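>>> Sequence and predicted structure are below.
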There are 2 protein chains.
Amino acid sequence: MLYGGIEAGGTKIVCAVGTGPADLPTQISFPTTSPGDTLARIIAFFQQQPLAAVGIGSFGPISPDHHAPDYGYITSTPKPGWAQIDIAGTIGRALGVPVGFDTDVNAAALGEWRWGAAQGLSTFLYLTVGTGIGGGGLSNDRLMHGLLHPEMGHIQLPHDRQADPFPGICPYHGDCLEGLASGPAMKARWGVPAEALPADHPAWALEGHYLALACVNFICTLSPQRIILGGGVMSQSHLFPLIHQEVQALLNGYIQAPAILRQIDTYIMPPGLGSRVGVLGALALAGQAAGQAPPLP
Amino acid sequence: MLYGGIEAGGTKIVCAVGTGPADLPTQISFPTTSPGDTLARIIAFFQQQPLAAVGIGSFGPISPDHHAPDYGYITSTPKPGWAQIDIAGTIGRALGVPVGFDTDVNAAALGEWRWGAAQGLSTFLYLTVGTGIGGGGLSNDRLMHGLLHPEMGHIQLPHDRQADPFPGICPYHGDCLEGLASGPAMKARWGVPAEALPADHPAWALEGHYLALACVNFICTLSPQRIILGGGVMSQSHLFPLIHQEVQALLNGYIQAPAILRQIDTYIMPPGLGSRVGVLGALALAGQAAGQAPPLP
């Protein structure tokens, strides 16, 4: 049974056909252009494949609620041309197969749950730190939804403007988490892209500080069994020990759980699926849509 | 079928027997003293009643995981004598009935879901603002658990020390939400109990500000369908419009949901069960333990 996975990012689309991490023979990637051209290219890629279902992990915001009139749409995105686009419906009708549809980060979380660092967990988070910051996850064994879907990138954090006078770059909130700690925020603050900053640059301690504050808030709010941190910024693996130390310091022994007190290296960790987490997560959504995966919504 | 409900607070115990809000004929309340005396008094109250189950909504932290060796215990509380006390096991064995056991705020959330302001919702929060600040709720139709259970009171927020030089009173974190905005924090900041501050005192705008920041973070993290705010401080109902206005201002249109943009009066609201939410929540836990309620864990 072959599945199609679509990692639909704001700058890049990745499409793959296969059954899982050990069997992903066909994969392509191309830039996200206009909706018409992009959707046509996605459909053309999958059209010749005998698929049981496709899964789409999409940039957002999206409407993931099956009962909503705009289910399957990318909704109020500022990305030109992409607001109110019926991505799931267009692809599903063209290919004639069931479609699994969720946020890119919920898809990644599902991929980690099936094949990666979250196997066997019932409540955990997946946070991506890159062009933007976004989070998803499972709560009570099911992908997190609610009024819409979790955002996570736009929480408000302590911001010591004497230590860090940078005002933040979020067009909505200025110095929310994404405004302070996304890749573009790092570039705006330091004048060079994050990946050009050496490991001993003070940028990293500050980045670790904001991400640790965010982890503390997510831990206190959701009590996740694990937090998986992915995305381009987190490919700087020296960030992890900085985050580990500061999360422990900030919580200050308040949460008496061995996972935090003694095993924080595996409590906050990178995705088990590495850079393939996005497209494999979309594949996991396809499996769920086809009814082949254990019952998640 | 009669149930017993136990609202086990750090300063007061409320016990009731009945079937729901319309039928709660027997109720007592007494101070929380030593574990031995307190548990004996609880057991004596219920012993003459023909109960199908009891429910306990407890102060914490607690161990709510059925698979944990310390399930049913109050764990690392600073309350003298109460750390590592098997409250659920002691009561269940003495009464010989099934026991439902969770945090006081998860119990309150369940009560609101069965009979109050959260009927029909699958993902929502209940936050109490009083002696402490704590939160619980349902996610995907089930009470929120994870590594342990949500805390919510100890999230970190922006704290402008020029506008509010008060350092906070949390012994673990200083100026976390609870350290800045609990009832005792208000008393320490202003020198008089919160209930003695007139409605036009600047204390309330500041309190509304911190609670709005907290709501924004919970909205971005969990995407709840509603936030219910209870507890002693929230009995000052003039706080609600302050919170409504500031949540909308802080989110700044980012979340395009009518519930937030146009119906915030019912998006962030007081408990439908009023001051009985705690003991009725415990009764709902009892119903769940007896298998009489719809299947929640």
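Ah, there it is.
>>> Could you tell me the average pLDDT over stretch A:78-86, please?
What stretch A:78-86 shows for mean pLDDT is 93.
>>> Tell me which residues are up against it.
A:10, A:34, A:35, A:59, A:70, A:72, A:73, A:74, A:75, A:76, A:77, A:171 (Cβ atoms under 8 Å, 6 or more residues apart in numbering or on different chains). Bear in mind the C-beta positions are built from the backbone N, C-alpha and C, glycine included.
>>> hmm, try it at 7 Å
Stretch A:78-86 is contacted from outside by A:10, A:34, A:35, A:72, A:73, A:74, A:75, A:76, A:77, using Cβ atoms under 7 Å, 6 or more residues apart in numbering or on different chains.
>>> So which bits of the stretch 51-200 of chain A are right by chain B?
When proximity is defined by Cβ under 7 Å from any Cβ of the partner chain, the stretch 51-200 of chain A lies next to chain B at A:75-76, A:123, A:139-140, A:142, A:144-152, A:154-159, A:172-173.
>>> Of these, keep whichever come out buried.
Applying 16 or more other Cβ atoms under 10 Å in any protein chain shown to these, the neighbour count classes A:75-76, A:123, A:139-140, A:142, A:144-152, A:154-159, A:173 as buried.
>>> Out of those, list just those in strands.
Judged by DSSP state E, these include A:139, A:142 as members of strands.
>>> Report the contact partners of residue A:187.
A:193, A:194.
>>> where does it fall, phi/psi-wise?
With angles defined as degrees, to the nearest 10, residue A:187 sits at phi -60, psi -40.
>>> Next one: it from residue A:198, what distance?
15 Å (Cβ to Cβ, to the nearest Å).
>>> before we move on, back to that, for my notes, please list the contacts of stretch A:78-86 in JSON lines and give distance to residue B:15 for each entry.
Output for the contacts of stretch A:78-86, formatted as JSON lines (distance: Cβ to Cβ, whole Å):
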{"residue": "A:10", "distance to residue B:15": "56"}
{"residue": "A:34", "distance to residue B:15": "65"}
{"residue": "A:35", "distance to residue B:15": "61"}
{"residue": "A:72", "distance to residue B:15": "50"}
{"residue": "A:73", "distance to residue B:15": "51"}
{"residue": "A:74", "distance to residue B:15": "52"}
{"residue": "A:75", "distance to residue B:15": "48"}
{"residue": "A:76", "distance to residue B:15": "49"}
{"residue": "A:77", "distance to residue B:15": "53"}
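>>> Now do the residue in the stretch 151-297 of chain A positioned nearest to chain B: how many residues are near it, please.
Closest to chain B within the stretch 151-297 of chain A is residue A:223: 3.4 Å, counting by Cβ to the nearest Cβ. For residue A:223, the number of neighbouring residues by other Cβ atoms under 10 Å in any protein chain shown comes to 20.
>>> Wasn't residue A:211 part of a helix?
Yes - remark: residue A:211 belongs to a helix, assigned using DSSP: H, G, I helix; E, B strand; the rest coil.
>>> so it makes contact with residue A:182?
No - between residue A:211 and residue A:182 there is no contact under Cβ atoms under 7 Å: 10.7 Å.
>>> Which neighbours do those two have in common?
With Cβ under 7 Å, 6+ apart, residue A:211 and residue A:182 have common neighbours residue A:129.
>>> So residue A:36 versus residue B:90, what's the distance?
Look at residue A:36 and residue B:90: by Cβ to Cβ, they are 67 Å apart.
>>> Compare neighbour counts for those two and give me the winner.
residue B:90 (19 against 11).
>>> Can you tell me the SS state at that one?
Under the three-state scheme (three-state DSSP), residue B:90 adopts helix.
>>> try the one 10 residues further on
With three-state DSSP as the basis, the three-state label of residue B:100 is strand.
>>> Which strand or helix spans residue A:216?
Using DSSP states H and E, residue A:216 falls within helix A:202-222.
>>> The closest residue to residue A:276 other than its chain neighbours: neighbour count?
Distances taken as Cβ to Cβ, 6 or more residues apart in numbering or on different chains place residue A:21 nearest to residue A:276, at 6.8 Å, with adjacent residues excluded. Residue A:21 is flanked by 17 other residues according to other Cβ under 10 Å.
>>> again with residue A:177
Neighbours of residue A:177 under the rule other Cβ under 10 Å: 30.
>>> I'd like to check the angle between the helix holding residue A:216 and helix B:202-222, please.
On the basis of axes from the mean of the first three to the mean of the last three Cα atoms, to 10 degrees, helix A:202-222 is oriented at 90 degrees to helix B:202-222.
>>> residues of helix A:202-222 that come out buried?
Judged by neighbour count (16+ other Cβ under 10 Å), helix A:202-222 contains these buried residues: A:203-204, A:206-222.
>>> Which strands or helices does the helix or strand hosting residue A:136 pack on?
Per DSSP H and E, residue A:136 falls inside strand A:133-139. The helices and strands touching strand A:133-139, judged by 3 or more Cβ pairs under 7 Å, 6 or more residues apart in numbering or on different chains; DSSP states H and E, are helix A:104-115, strand A:124-129, helix A:177-181.
>>> what about it, average pLDDT?
Averaged over strand A:133-139, pLDDT sits at 97.
>>> Can you name the residues in contact with that strand?
Where contact means Cβ under 7 Å, 6+ apart, the residues beyond strand A:133-139 that reach it are A:103, A:105-106, A:108-109, A:113, A:122-128, A:144, A:150-153, A:177-178, A:181-182, A:222, A:224, B:139-140, B:144.
>>> Just the C-alpha atoms of it, please, in CSV.
Output in CSV follows, covering the C-alpha atoms of strand A:133-139 (Å, rounded to 0.1, in the frame of the first residue of the first chain):
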residue,chain,number,x,y,z
ILE,A,133,8.2,29.2,15.1
GLY,A,134,5.3,26.8,15.3
GLY,A,135,4.3,23.9,17.4
GLY,A,136,1.9,21.0,17.4
GLY,A,137,1.7,17.7,19.1
LEU,A,138,-0.4,14.9,20.5
SER,A,139,-2.5,15.3,23.7
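>>> what about that strand, distance to the chain center?
The chain centre lies 7 Å from the centre of strand A:133-139; the measure is Cα atoms, centre = their mean, to the nearest Å.
>>> Which strands and helices lie in contact with the helix or strand containing residue A:244?
In the assignment (DSSP H and E), residue A:244 maps to helix A:239-251. Counting contacts by 3+ Cβ pairs under 7 Å, 6+ apart, helix A:239-251 packs against helix A:202-222, helix A:264-267, strand A:268-269.
>>> can you tell me if the very next helix or strand once past the last one touches chain B.
Following the chain from strand A:268-269 toward its C-terminal end, the next helix or strand by DSSP H and E is helix A:277-289. No - residues of helix A:277-289 contacting chain B under Cβ under 7 Å from any Cβ: none, with a closest distance of 14.4 Å.
>>> quick one: buried residues of helix A:277-289?
Across helix A:277-289, burial judged by 16+ other Cβ under 10 Å covers A:277-289.
>>> Just send those residues back as TSV, with pLDDT too.
Below are the buried residues of helix A:277-289 laid out as TSV (pLDDT from 0 to 100):
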residue	pLDDT
A:277	97
A:278	96
A:279	97
A:280	97
A:281	98
A:282	98
A:283	97
A:284	97
A:285	97
A:286	97
A:287	95
A:288	94
A:289	94
